[in-house]
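Peer 1: Below is the sequence, then the predicted model.
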Amino acid sequence: MIQFLETASATGAGNLITLVLPMVIVIVFMYLILYLPQRRQEKKDTEMRNSIDVGDEVVTIGGIVGRVAAIGTKDDTFVLETTSDRVKIRMRRSAISSVNKLDDQLNKDKEKSKDEAKKDSAPLKK
């Protein structure tokens, strides 16, 4: 009789492990595959939105493209200048989809002008 109770308790613990282990594996899998990458992306987006400066080119979630004309000091808003007519729209930072830094564009323009200068100074081959 005692031997029967010992084997019953041992198989009960084995059944418990076989029931709990797959659930633990699924929870760890969901955490690693879904939660961590989303959290990293949110950090990048927040960092990008907090790094905007006046003059940066911004694309909003709604697809509006323009340059930042002013940044609010009290709230998290900014003023977006959209066209050559200088239409200004006040928006929240959370509406920013992407930022093209002014420094990046200046560097691209400089590289482009250097490339054009090299092409113009290259001797013509016949």
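Peer 2: It's in.
Peer 1: Pairing partners for the helix or strand that residue 59 is a member of, with directions?
Peer 2: Element membership for residue 59 (DSSP states H and E) is strand 57-60. Taking DSSP bridges as the criterion, strand 57-60 forms sheet pairs with strand 65-71 (antiparallel), strand 96-100 (antiparallel).
Peer 1: Give me the residues contacting the shortest one.
Peer 2: With C-beta atoms under 8 Å, 6 or more residues apart in numbering as the contact definition, strand 96-100 has outside contacts at 48-49, 51-52, 56-61. Every C-beta, even on glycine, is put in place using the N, C-alpha and C of the backbone.
Peer 1: cool, the first one as well?
Peer 2: Among residues not part of strand 65-71, those counted as contacts by C-beta under 8 Å, 6+ apart are 52-59, 77-83, 88-89.
Peer 1: Show the buried residues in those.
Peer 2: 52, 56-58, 77-82 (16 or more other C-beta atoms under 10 Å).
Peer 1: What is the most widely separated pair among those residues?
Peer 2: Maximum pairwise distance in the buried ones among the contacts of strand 65-71, criterion C-beta to C-beta, is 17.7 Å, between 57 and 77.
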